[in-house]
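>>> Take a look and give me a structure for this.
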Amino acid sequence: MSTGFYHDERTLWHGGGNYTFTLPIGGLVQPLAAGGLPESPETKRRLKNLMDVTGLINDLAVSSAPAATTEQLQRVHPDYYLQEFKELSDAGGGELGRRTPFAAGGYEICALSTGLAIAAVEAVLDGTHTNAYALSRPPGHHCLPDFPNGFCLLANIAVAIEAAQATRPDLKVAVLDWDVHHGNGTEAIYYDRDDVLTISFHQEGNYPLDTGDLAHRGKGPGEGLNINLPLPAGTGHTAYLHAMERVALPAIEAFNPDLIIVACGYDASAIDPLARMLATADTFRQMTLQIKGLAERICDGNLVLVHEGGYSEAYVPFCGHATIEALSGSTITAPDPFEHTFDVRQPGPRFDAFLRGEIDHMATQLGL
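Modelled structure (predicted):
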């Protein structure tokens, strides 16, 4: 077994300009001494650094990849959008859509981020690797074909799927999005199609505010193949694993895909600045083991994780390390220094029972 790890330092040079949290500076919004948008390179760089220090990186097949080509991007994004993005990028940068600023050269960096996802999918499908992880940046699951938002400028996973289906027209793909924010871009792209199942676990009422409803199930040929699980703030470790067992795993198994892709965000962690959930590093480890086991059972282990959100510089490295340990089967660990303090903050028995009951109720409404 081999696990591919797709990474390129250039993706960490994507810049978003002078922001404070999600607001541009000005008026009463003062500049930060160090920082800007929560989507910074540090969470990803510190994950890679931790893997270097522990030696986990040596258990992986590490490589970069070519940037996505214009032809590959055009399968998802219209020409006028790509042209506007490229022209603004060449002119020094700017902002498209909602909260998606970029600096000079941003177009090329985003195409490289998408290229990492494309290469990871291709390497798994052609048998080069059993599974793979793409450390893509910027993320992509919020990006609509012609409207970027939520730090996402290109739809990394969708472009990778379309690239794979260009040579494999019968390929069926299941996308499980456990980023804490609704995967509205991926949903929109595949909402009326029957060859891609989309599942999103997300904090209810977080971002975006107008998508992610349980009742949004797809339409036409895609009816029933879009699954949203809006979870209450405070959902913790055991409820996340219950959601996997009760909703994600049976839905994916019933769909019987050839490939599973995880939109792998770590912003459901206990100290993320953009969410209010209580997942731990072990939550991500166990969810990875669950989905990996399913992939091995139903689709020859074909599994790709594509990095999405996660904004705690302190904790993303440990969540990511645990995930990649599980994905690769490595025995090299990075013990979670926050384990005790986050374990004692997990939901108590009554709230946990409520959470599990809510998940069961939603699963019943979904026909699962």
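
>>> Let me know whether Ala163 touches Leu125 as I believe.
No. Look at Ala163 against Leu125 with C-beta atoms under 8 Å: they stay out of range, at 10.2 Å. Every C-beta, even on glycine, is put in place using the N, C-alpha and C of the backbone.

>>> since we're on Ala215, how many residues are nearby?
Using other C-beta atoms under 10 Å, Ala215 has 7 neighbouring residues.

>>> a strand runs through it, doesn't it?
No. Secondary structure assignment (DSSP: H, G, I helix; E, B strand; the rest coil) places Ala215 in coil, not in a strand.

>>> Could you measure from Lys86 over to Lys44?
Here the distance between Lys86 and Lys44 works out to 24 Å (C-beta to C-beta, to the nearest Å).

>>> Those two - which one has more neighbours?
More crowded of Lys86 and Lys44, by other C-beta under 10 Å: Lys44, with 23 against 15.

>>> helices or strands next to the host helix or strand of that one in the packing?
Element membership for Lys44 (DSSP states H and E) is helix 42-54. Applying 3 or more C-beta pairs under 8 Å, 6 or more residues apart in numbering; DSSP states H and E, one finds that helix 42-54 contacts helix 316-328.

>>> Centre of the chain to the helix it packs on, how far?
14 Å (C-alpha atoms, centre = their mean, to the nearest Å).

>>> Show me what that helix is in contact with.
For helix 316-328, the external contacting residues (C-beta atoms under 8 Å, 6 or more residues apart in numbering) are 1, 3, 5, 43-44, 46-47, 49-51, 54, 56, 59-60, 131, 133, 264, 266, 269, 279-282, 284-286, 288-289, 292, 303, 305, 307, 310, 330, 332-334, 336-338.

>>> before we move on, the earlier item: so Ala163 and Leu125 - more neighbours on which side?
Ala163 (24 against 19).

>>> For Gly105, grab the count of nearby residues.
16.

>>> And Asp192, by the same measure?
Look at Asp192: counted by other C-beta under 10 Å, it has 14 neighbours.

>>> tell me the contacts of it?
By C-beta under 8 Å, 6+ apart, the contact set of Asp192 is Gly218, Lys219, Gly220, Pro221, Gly222.

>>> Give the helix, strand or coil label for it.
coil.

>>> can you start the count at 99 instead of 1 from here on
Happy to do that; since the first residue is 99 now, the last one works out to Asp290.

>>> Extract the C-alpha trace of the longest helix belonging to the chain and format it as PDB.
In the chain, with assignment by DSSP state H, the single longest helix is helix 204-223. Output of helix 204-223 as PDB, limited to C-alpha atoms (Å, rounded to 0.1, in the frame of the first residue of the first chain):
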ATOM      1  CA  GLY A 204      -3.100  34.300  -7.700                       C
ATOM      2  CA  TYR A 205      -4.600  32.700 -10.800                       C
ATOM      3  CA  GLU A 206      -1.500  30.500 -11.400                       C
ATOM      4  CA  ILE A 207      -1.300  29.600  -7.700                       C
ATOM      5  CA  CYS A 208      -5.000  28.600  -7.600                       C
ATOM      6  CA  ALA A 209      -4.600  26.500 -10.800                       C
ATOM      7  CA  LEU A 210      -1.700  24.800  -9.100                       C
ATOM      8  CA  SER A 211      -3.800  24.100  -6.000                       C
ATOM      9  CA  THR A 212      -6.400  22.500  -8.300                       C
ATOM     10  CA  GLY A 213      -3.700  20.600 -10.100                       C
ATOM     11  CA  LEU A 214      -2.700  18.900  -6.900                       C
ATOM     12  CA  ALA A 215      -6.200  17.500  -6.500                       C
ATOM     13  CA  ILE A 216      -6.300  16.400 -10.100                       C
ATOM     14  CA  ALA A 217      -3.000  14.600  -9.700                       C
ATOM     15  CA  ALA A 218      -4.100  12.900  -6.500                       C
ATOM     16  CA  VAL A 219      -7.300  11.600  -8.100                       C
ATOM     17  CA  GLU A 220      -5.500  10.400 -11.200                       C
ATOM     18  CA  ALA A 221      -2.800   8.600  -9.200                       C
ATOM     19  CA  VAL A 222      -5.300   6.600  -7.200                       C
ATOM     20  CA  LEU A 223      -7.400   5.700 -10.200                       C
END
